[in-house]
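Peer 1: compute the structure for the input listed below.
(one chain, ligands or ions: 1)
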Amino acid sequence: MSKFPRRTFIAGLSTIPFALWFEKYAAAQTRAHIRYNVTSVNGLKMLNIYRGTVGTMMSTAEPSPIGWLFQWYTHNVRGDRTKAAELARVYPAPSAQKTLATAMWNTCQAHHAGDVEDYFLPWHRMYVYFLERIIRKVSGHAEFTLPYWNYSNPAVPSGPRVPKAFRAPAAATNPLYRPQRNAGANAGSPIDATDPGALDLTALAECTYSPSGVIRVRPLRTGAGLPRREDGTGSGGRTATNSGNRARRCRRT
Ligand SMILES: [Cu+2]
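Peer 2: Numbering: from 1, shown residues only. Reported below is the predicted structural model:
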């Protein structure tokens, strides 16, 4: 993976009022936490907390910064609507929350045209880190940690499949189920079924990225010295392609 100037990333952070927002809305970080495999006893406990809290957040009023819509839109406003239109719809009158949403929404530093792909992992790690803290606060479970899932190992049952709690029951009563998700993934098929091995961790060595899903992975450096982690505590989620419409050259600094 390419390196990027740390100073540049920090400068980017300063444009996002995360500190203001999270210190107000997220639980304080006052203890050490352990993240658990979603298939373990502790991981399942965490998943239950997560499921319940997602349900709570989804039923929270849309203007609330600890509601699901605000969390979702912090990354990216839904594709068939514009940020301006959604701000006008959710916040018809000026308010502190509208000001916050105006500053927060659509601020992923890697996912928009013209953004910097090098920020993919750090931005999303930050996003998930604070989501975890918000879930602690909303749920009242100070011990909560997001369970992880090793999507990269096809040899284990949890392998490249969406964990069952996100697929079943396939009903609106399940806060973790989304009918819009890829049908194969929702059926429990490997999410790299059309390209086995595409989720191999060598994808983390890629320097180009496409938001449109896995197309084909072409590691730039075979065996790129990525750490091997038995427990799959990778950052998760990055899929690299060599044919995405936003694919760009690595910048090596
Ligand atoms: Cu993003």
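
Peer 1: all helices of the stretch 101-250 of the chain, in order?
Peer 2: In the stretch 101-250 of the chain, helices defined by DSSP state H, counting those that start in this stretch lie at 120-139, 183-186, listed in chain order.

Peer 1: out of those, nearest to residue 147?
Peer 2: Closest to residue 147 of those, according to Cβ to Cβ: helix 120-139, at 10.4 Å. The C-beta positions use only the backbone N, C-alpha and C, and glycine is treated the same way.

Peer 1: how about the CA coordinates for the closest one, as CSV?
Peer 2: The C-alpha trace of helix 120-139 is given here as CSV (Å, rounded to 0.1, in the frame of the first residue of the first chain):
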residue,chain,number,x,y,z
PHE,A,120,-9.4,4.8,2.5
LEU,A,121,-8.2,2.8,5.4
PRO,A,122,-7.6,5.6,7.9
TRP,A,123,-10.9,7.4,7.2
HIS,A,124,-13.0,4.3,7.5
ARG,A,125,-11.1,3.1,10.6
MET,A,126,-11.8,6.4,12.2
TYR,A,127,-15.5,6.2,11.2
VAL,A,128,-15.9,2.7,12.6
TYR,A,129,-14.0,3.6,15.7
PHE,A,130,-16.4,6.4,16.6
LEU,A,131,-19.4,4.4,15.5
GLU,A,132,-18.3,1.8,18.1
ARG,A,133,-18.2,4.5,20.8
ILE,A,134,-21.6,5.8,19.8
ILE,A,135,-23.0,2.3,20.1
ARG,A,136,-21.5,2.0,23.6
LYS,A,137,-23.4,5.1,24.5
VAL,A,138,-26.7,4.4,22.9
SER,A,139,-26.7,0.8,24.1
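
Peer 1: how about it: buried residues?
Peer 2: 120-124, 126-127, 130-139 (16 or more other Cβ atoms under 10 Å).

Peer 1: within reach of the ion, which of those residues are there?
Peer 2: Checked against the ion using Cβ under 5 Å from the ion, the buried residues of helix 120-139 give no members in range.

Peer 1: returning to that earlier point: may I see the helices of the stretch 101-250 of the chain organised as TSV, with mean pLDDT added?
Peer 2: Formatted as TSV, the helices of the stretch 101-250 of the chain follow (pLDDT from 0 to 100):
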stretch	mean pLDDT
helix 120-139	93
helix 183-186	93
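
Peer 1: distance to residue 40 added to those helices, as TSV?
Peer 2: TSV is the format used below for the helices of the stretch 101-250 of the chain (distance: least, Cβ to Cβ, whole Å):
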stretch	distance to residue 40
helix 120-139	17
helix 183-186	22
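
Peer 1: just so I know, which of those helices lies nearest residue 173?
Peer 2: Closest to residue 173 of these is helix 183-186 (Cβ to Cβ; 15.3 Å).

Peer 1: who's in contact with the closest one?
Peer 2: 161-162, 167, 170, 177-179, 191, 193 (Cβ atoms under 8 Å, 6 or more residues apart in numbering).

Peer 1: now tabulate those in TSV and tack on distance to residue 88 and neighbour count.
Peer 2: Listed next are the contacts of helix 183-186 as TSV, based on distance: Cβ to Cβ, whole Å; neighbours: other Cβ atoms under 10 Å:
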residue	distance to residue 88	neighbour count
161	40	22
162	34	23
167	35	18
170	34	14
177	30	18
178	26	14
179	28	9
191	36	21
193	41	14
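
Peer 1: near the ion, from those?
Peer 2: Answer for the contacts of helix 183-186 near the ion: none qualify (Cβ under 5 Å from the ion).

Peer 1: make a markdown table from those residues and add distance to residue 93 and pLDDT to it.
Peer 2: Converted to a markdown table, the contacts of helix 183-186 look like this (distance: Cβ to Cβ, whole Å; pLDDT from 0 to 100):
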| residue | distance to residue 93 | pLDDT |
| --- | --- | --- |
| 161 | 45 | 90 |
| 162 | 40 | 91 |
| 167 | 40 | 95 |
| 170 | 39 | 96 |
| 177 | 34 | 97 |
| 178 | 31 | 94 |
| 179 | 33 | 94 |
| 191 | 42 | 87 |
| 193 | 48 | 83 |
